[in-house]
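In: Build me a model:
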Amino acid sequence: MERFKVEIGSSAPIIIETGEYAKFSDGETIVRQGDTAVLVTVVMGENLVEGVDFVPLSVDYREQASAWGKIPGGFIKREGKPTDREILVSRLIDRSIRPLFPEGFFYDVVVIALTLSADEQYDPDVLSIIGASAALHISKIPFEGPLAGCRIARVDGKFIINPTYEERQKADLDLVVACSRDAIVMVEGGGKEVEEKIITEALYLALEKCQPLIEAQENLRSRVGVPKKEIQPLELSDEFKIKLKDFCYEKILKALEISDKRLRKENINKIFEEFLATLENQEVNKVAFSYAYKKLVSQILRKKLFEEGKRIDGRTPDEIRPIDIKIHPFERPHGSAIFSRGETQVFATVTLGSPEEAQMVESIYEGETFKRFMLHYNFPPFCTGEARPWGPPRRREIGHGALAERALEPLIPPEEKFPYIIRVVANVLASNGSSSMATVCAGSLALFDAGVPLTKHVAGIAMGLVMEKDRYAILTDILGEEDQLGDMDFKVAGTRDGITSIQMDIKIKGLKKEIMEEALQKAKNARLLILEKMYSAIPEPRKELSPYAPKIEIITVPEDKAFLIIGPGGKTVKEIREKTNTVIWVLEGGRVSITGKRKEDIEAAKREIEAIIAEIEIGKIYEGKITRIEPYGLFVEVFPGKIGLLHISKMENPPRDLKSVYNIGDKIKVKVLEFDELGRPKFTTKFEEGEILIDERGGPLL
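Out: Residues are numbered from 1 along each chain as shown. Next up is the predicted model:
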């Protein structure tokens with residue numbers, strides 16, 4: 001077994017091992033930090049996958065509760081479908097390694113990362129990126145690596161490489177960065193309104209700190225690496241390349257001038273089919289032609305951009321498409337908005353709920369916690385004109401939803417200020433470029449419309465980069481085609497004061513720091529323009545909630561009396577709920593949440609609760625209810641569960657037969673004389689002039 005230990009930053013060293021486990025895989029590594037350990041395996045299919053012109057890569061990251069000494073919750077005590085967290089980490093690994101497979105590599109590759117052990121300090125996600133790269137690098141699979149992953153956070157103004165979970169909770173910036181020898185490859189993370197220059201500093205510090213991990217992988221390969229599989233380059237002869245260009249070039253140029261996405265796509269596809277028809281009597285590799293055709297389209301796009309300064313739809317590089325905003329287009333959602341930017345359109349709704357509607361999340365370092373802000377992103381097939389059924393959320397939807405949620409979350413008010421559970425649902429109605437950033441804008445507008453007291457709007461923009469040798473162009477508000485054919489795409493969301501969420505995928509090497517700084521500054525300029533339009537549409541959160549939203553009030557009771565509200569087996573709280581038509585949730589610290597449709601119902605529930613926790617005082621007069629009649633006296637309940645004896649000898653004018661005068665359920669005023677040895681009150685009806693009657697909340701009855 002080969003083993004390398006690498007120390008980066010101030011955290012525990014990272015250890016890379018191979019050669020002991022999963023020996024039928026093409027490559028395997030175990031990566032450790034502290035007590036966290038991840039096994040990563042890679043396996044390549046034997047045969048070329050027919051009919052595809054992309055890398056058929058599959059990445060699966062798995063966390064099992066046993067890794068941190070837990071048994072899964074719920075009725076089924078085993079892991080089921082991947083959690084959102086597992087999907088997001090799978091995407092991190094995928095986006096890091098996918099650009100480093102060679103052109104024309106169309107073999108199935110399956111990467112599986114399994115967390116074997118997990119402590120409360122170090123996250124397995126960046127270890128999985130390192131493990132995937134190392135396993136690919138030592139294997140026979142063609143891979144233009146290695147690369148390394150690290151997390152960089154900023155705490156109290158200082159950067160920390162691979163911080164602990166505790167340090168991350170204090171951070172105002174938390175990024176995962178994947179780097180090759182000379183380039184940043186992938187970025188994912190967010191911050192609390194962080195300035196652009198801080199982001200740039202963090203990225204290039206991460207690039208520097210990742211180099212020892214890359215060196216360790218090179219050393220590992222020199223010791224245990226196997227020869228790489230030779231693949232046949234996917235190339236056409238010069239003759240076919242000339243034919244392709246001669247037939248398609250001018251037609252593609254004309255098709256790219258079509259502003260409508262669907263018509264443009266149809267025309268570009270039609271040109272390719274027409275070209276293939278001219279080769280009917282010749283043996284051709286359709287995949288090779290498809291691949292070459294895409295490259296030709298990309299070359300034409302680039303040439304048009306650099307020579308004319310124009311993009312597909314005729315815009316200049318810095319130009320944002322027209323924006324249209326509709327606030328509260330439909331009545332019943334608690335808040336809603338439609339945000340359109342060019343041909344991209346997102347409808348977002350906000351639903352407000354009570355505390356028991358929070359989502360329970362189980363994680364390595366926090367155990368079971370409740371999530372009070374959720375954003376769910378949907379990408380139905382009609383938004384791209386596809387004719388297929390609308391199934392459950394795909395990985396892309398989970399990833400885009402997490403990106404948008406992270407953008408808005410820093411602005412969500414604390415529970416003490418706004419006690420609601422908040423769910424944003426974003427449905428993409430049409431997509432042609434960055435529906436995730438349109439989701440951020442639509443979500444922020446809908447939150448304002450719902451009356452959620454955000455202090456600021458949050459907007460997002462998708463940017464692109466095209467490079468040709470020493471020339472480059474930064475593109476603002478990219479289209480779908482520009483995303484696919486460019487050299488970098490990055491999405492930046494934030495407020496007027498800083499960045500809250502960022503995602504980058506970089507396909508080129510050696511991206512200069514100055515270009516990154518310029519790109520982030522242009523993203524800021526675009527964000528500010530979008531924010532202006534958002535503030536014009538709805539400048540501040542509504543003062544009143546929707547009439548269809550539930551009413552919530554949180555009261556505080558003595559912590560040592562909170563159990564009285566719940567009652568034995570939840571009996572008391574259930575009775576209050578049924579009686580007042582409310583939902584009551586007893587929280588930590590003596591806080592009690594009351595949710596109802598009407599304010600009157602909440603007030604009724606408050607009276608019930610106040611009566612339960614109220615203390616009976618000697619000498620005070622109360623109005624109680626007769627619960628039992630005996631020959632020697634009446635049993636009177638003055639507060640729920642607070643019952644005492646009114647002895648016949650303590651009555652002002654006692655009748656001979658109590659049952660002839662009193663009935664169970666009758667109201668009667670009584671004064672507290674004393675408490676017996678069990679703490680039960682003893683009453684009298686002999687009052688003195690001027691004494692005050694106490695109501696059911698323990699206050700004077702007016």
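In: okay, now the domains of this structure?
Out: Following the assignment in the TED database, the chain carries domains at 2-224, 238-308, 323-537, 551-613, 620-701.
In: how long is the longest one end to end?
Out: The distance separating the two terminal residues of domain 2-224, taken as CA to CA, to the nearest Å, comes to 8 Å.
In: Give me the most central residue, the protein.
Out: residue 402 (3.0 Å; CA atoms, centre = their mean).
In: picking that back up, between the domains of the chain, which gets nearest to residue 543?
Out: Across the domains of the chain, residue 543 has its closest neighbour in domain 323-537 (6.9 Å, CB to CB). To be clear about C-beta, it is placed using only N, CA and C from the backbone, and glycine gets the same treatment.
In: Could I get the average pLDDT for that closest one?
Out: Mean per-residue pLDDT for domain 323-537: 93.
In: how many neighbours does the nearest residue to residue 20 once chain neighbours are set aside have?
Out: Counting by CB to CB, 6 or more residues apart in numbering, the nearest residue to residue 20 once its immediate chain neighbours are dropped is residue 1, at 4.6 Å. When neighbours are defined as other CB atoms under 10 Å, residue 1 has 9 of them.
In: what does residue 444 give?
Out: Residue 444: 30 neighbours (other CB under 10 Å).
In: Who are the packing partners of the helix ranked longest in the chain?
Out: When the chain is parsed with DSSP state H, its longest helix is helix 513-537. The helices and strands touching helix 513-537, judged by 3 or more CB pairs under 8 Å, 6 or more residues apart in numbering; DSSP states H and E, are helix 196-209, strand 323-327, helix 435-450, strand 459-468, strand 471-476, strand 488-495.
In: one step back: doesn't residue 21 make contact with the residue nearest to residue 20?
Out: No - judged on CB atoms under 8 Å, residue 1 makes no contact with residue 21 at a distance of 9.1 Å.
In: list the buried ones in the next helix or strand after the longest helix of the chain?
Out: Sequence-wise, the next helix or strand downstream of helix 513-537 (DSSP states H and E) is strand 551-556. For strand 551-556, burial by neighbour count (16 or more other CB atoms under 10 Å) applies to 551, 552, 553.
In: who does the last one bridge with?
Out: Here residue 553 sits in beta bridges with residue 594, going by DSSP bridges.
In: Surely it touches residue 594?
Out: Yes - at 5.2 Å, residue 553 counts as touching residue 594 under the criterion of CB under 8 Å.
In: pLDDT wise, what is residue 176 at?
Out: The per-residue pLDDT reported for residue 176 equals 97.
In: Could you say which helix or strand holds it?
Out: strand 173-179.
In: Show the secondary-structure elements that that strand is packed against.
Out: Against strand 173-179 (3+ CB pairs under 8 Å, 6+ apart) you get helix 84-97, helix 124-138, strand 148-155, strand 184-194, helix 196-209.
In: now with 6 Å?
Out: strand 148-155, strand 184-194, helix 196-209 (3 or more CB pairs under 6 Å, 6 or more residues apart in numbering; DSSP states H and E).
In: Mind putting the ones you listed into CSV with mean pLDDT and distance to residue 688?
Out: Shown next, in CSV, are these (pLDDT from 0 to 100; distance: least, CB to CB, whole Å):
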stretch, mean pLDDT, distance to residue 688
strand 148-155, 96, 66
strand 184-194, 96, 63
helix 196-209, 95, 73
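In: so which of the ones you listed is the most packed in?
Out: Counting by mean count of other CB atoms under 10 Å, strand 148-155 has the highest mean neighbour count of those, with a mean of 25.
In: Give me the sheet partners of it and which way each runs.
Out: strand 158-161 (antiparallel), strand 173-179 (antiparallel).
In: pLDDT on the following helix or strand past the first one, on average?
Out: For strand 158-161, the succeeding helix or strand toward the C-terminus, using DSSP H and E, is helix 165-169. Model confidence over helix 165-169 averages 92 on the pLDDT scale.
In: May I see the buried residues of helix 165-169?
Out: By 16+ other CB under 10 Å, the buried positions in helix 165-169 come out as 167, 168.
In: what about the helices in the stretch 251-400 of the chain?
Out: 261-277, 286-308, 395-408 (DSSP state H, counting those that start in this stretch).
In: Dump these into JSON lines; add distance to residue 673 as well.
Out: Shown next, in JSON lines, are the helices of the stretch 251-400 of the chain (distance: least, CB to CB, whole Å):
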{"stretch": "helix 261-277", "distance to residue 673": "85"}
{"stretch": "helix 286-308", "distance to residue 673": "93"}
{"stretch": "helix 395-408", "distance to residue 673": "60"}
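In: Out of those, which gets nearest to residue 30?
Out: helix 395-408 (25.4 Å).
In: ok, the residue nearest to residue 381 when sequence neighbours are not counted to residue 1 distance?
Out: Using CB to CB, 6+ apart and skipping residues adjacent in sequence, the residue nearest residue 381 is residue 388, 4.8 Å away. As for residue 388, its distance to residue 1 is 48 Å (criterion: CB to CB, to the nearest Å).
In: picking up where we left off before, output the domains of the chain in CSV, with distance to residue 544 appended to each entry.
Out: Formatted as CSV, these follow (distance: least, CB to CB, whole Å):
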stretch, distance to residue 544
domain 2-224, 28
domain 238-308, 40
domain 323-537, 6
domain 551-613, 11
domain 620-701, 28
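In: contacting residues for residue 174?
Out: Shown in contact with residue 174 (CB atoms under 6 Å, 6 or more residues apart in numbering): 153, 168, 189.
In: rerun that using 10 Å as the cut-off
Out: Neighbour list for residue 174: 151-155, 160, 163, 167-168, 188-192, 194, 202, 406 [criterion: CB atoms under 10 Å, 6 or more residues apart in numbering].
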